[in-house]
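# I would like to see how this sequence folds:
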Amino acid sequence: MSETIFRPRLVITLGDPAGIGTEVILKALADSRSHNNFDITIAGCRDLLVDGYMALKSVCDRNTLVEPDDLTILDVDLDSLTRKNITPCEGSAASGMASFAYMESAIARTLALEFDAIVTAPIAKSAWKAAGYNYPGQTELLAEKSNSQRVGMLFVARSPHTGWMLRTLLATTHIPLCQVSQVLTPELMTQKLDLLVECLENDFGIENGRIAIAGLNPHSGEQGQLGREEIDWLIPWLDKERGKRPQWHLDGFIPPDTMWVKPGQAWFGNHQVQNLADGYLALYHDQGLIPVKLMAFDRAVNTSIGLPFVRTSPDHGTAFDIAGKGIADATSMKAAIELAGLLSVQRRKSKV
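Coordinates of the predicted model:
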């Protein structure tokens, strides 16, 4: 199949049916500009999707919502008791069971090569746990089902001011801050750096690029005065990685309080920024996500890397408190759909 007629096949899960997933999907797909060149299927319970649409019509301009009849739906059957126990705005075992079923269906069909990418609406981890599914999040489920041993959470956003693209990978994710220094190891750092390099090459077409790596401690330890991890093993580790990857510029370890200055300038419109990185490696959750959400809260996309297929998700939660009110912002969902399609195209090119 030639590139000119390749249309990425995306499956979008509805997420937790008590949250804003239905709303942001219906709003995103009402704007065909973000998905004109993609074939899109919705994975979820058709009846719940229709019920959500009917409720939203009373609080939204109907022109902002796509009609369910215009969508291709992979109908995921739910038993009557589960459907009965789903209440808008309230995450529960029933809503967790539904969102888990949507994910399982989408993953199975994608592994069967029916789809090129999965776009996931938000789920509630507490609802999954209430339903008996003990996963830290959707990424871990995706990794298990696809038998992927190395995965990472990459956050991607394109600036509406300059068009510059921010790409931030987390070395550690959902763990307590007190555990970060124990979980970080040379092996983990190498694994995450490998993932980031592979992603930049295969998914974004970037070779011989630049990666900025944050220090762990304030001022990157300041020669051991504010923490010894940099001196004891991080700097020797980076020296070895530079020797292994001479074609890549590995900048580190950059003090965490200054690493985000250049990205902020590039994001908001300073066009004189020099030596911007193609990717940023943050060592723990808030170190990477506070700046991402400060710059791109309404348009950042969570991208799971290391999987055999593309997976993206809007960078926000279920927002139970505003579900059904018609005020949810679909910008991040639009960005997630668009990025899933673009990455699918680039990944196809990389394999040729």
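
# shaky segments in the chain?
Judged against pLDDT under 70, the low-scoring parts of the chain cover residues 1-4, 270-271, 352.

# and the closest residue to residue 309 other than its chain neighbours, what helix or strand is that in?
Leaving out its chain neighbours, the residue that sits closest to residue 309 by CB to CB, 6 or more residues apart in numbering is residue 110, at 5.2 Å. Quick note: C-beta positions are derived from backbone N, CA and C, even for glycine. Here residue 110 is covered by helix 93-111, with elements defined by DSSP states H and E.

# quick one: the strands in the stretch 201-350 of the chain?
Defined through DSSP state E, counting those that start in this stretch, the strands belonging to the stretch 201-350 of the chain, from first to last, are 210-214, 249-254, 279-282, 301-305, 310-314.

# Can you tell me what sits against the longest one?
What it means is strand 249-254. 193, 209-216, 220-221, 230, 234-235, 238, 241-242, 275, 277, 281 (CB atoms under 8 Å, 6 or more residues apart in numbering).

# ok, 6 Å please
Contacts made with strand 249-254 from outside it, assessed by CB atoms under 6 Å, 6 or more residues apart in numbering, are listed as 210, 211, 212, 213, 214, 215, 220, 230, 234, 238, 242.

# Return the set of buried residues in it.
The neighbour-count check on strand 249-254 (16 or more other CB atoms under 10 Å) flags 250, 252, 253, 254 as buried.

# I'd say residue 105 and residue 42 touch.
No: between residue 105 and residue 42 no contact is recorded; they are 10.9 Å apart, counting by CB atoms under 6 Å.

# ok, these two, which is more surrounded?
Set side by side, residue 105 and residue 42 give different neighbour counts by other CB atoms under 10 Å, the larger being at residue 42 (27 against 18).

# so what's the backbone phi/psi at that one?
phi -100, psi 130 (degrees, to the nearest 10).

# ok, back up a step: give the next helix or strand downstream of the helix holding residue 110.
Going down the chain from helix 93-111, the next helix or strand is strand 117-120, by DSSP H and E.

# So what touches whichever helix or strand comes after that next one?
The helix or strand immediately downstream of strand 117-120 is helix 125-130, counting by DSSP H and E. Counting contacts by CB under 6 Å, 6+ apart, the residues outside helix 125-130 that touch it are 16, 91, 93, 95, 96, 100.

# Doesn't residue 48 lie inside a helix?
Yes: the assignment for residue 48 by DSSP: H, G, I helix; E, B strand; the rest coil puts it in a helix.

# Touching, it and residue 17? I think so.
Yes: with the criterion set as CB under 6 Å, residue 48 and residue 17 qualify as a contacting pair; they are 5.0 Å apart.

# Which one's more surrounded, these two?
Set side by side, residue 48 and residue 17 give different neighbour counts by other CB under 10 Å, the larger being at residue 17 (30 against 20).

# my guess is the more buried one is in a helix, correct?
No: when classified by three-state DSSP, residue 17 is found to be coil rather than part of a helix.

# What ranges does the stretch 51-200 of the chain have for its helices?
Counting by DSSP state H, counting those that start in this stretch, residue ranges of the helices within the stretch 51-200 of the chain are 80-84, 93-111, 125-130, 138-145, 180-183, 186-202.

# most neighbours per residue, which of those helices?
Neighbour counts averaged per stretch over the helices of the stretch 51-200 of the chain are highest for helix 93-111, at a mean of 23; criterion: mean count of other CB atoms under 10 Å.

# distance between it and the chain's centre?
17 Å (CA atoms, centre = their mean, to the nearest Å).

# Check what contacts that helix and list those residues.
Here helix 93-111 makes contact (CB under 6 Å, 6+ apart) with 11, 13-18, 43-44, 76, 78, 82, 85-86, 115, 118, 123, 127-128, 130-131, 133, 145, 309.
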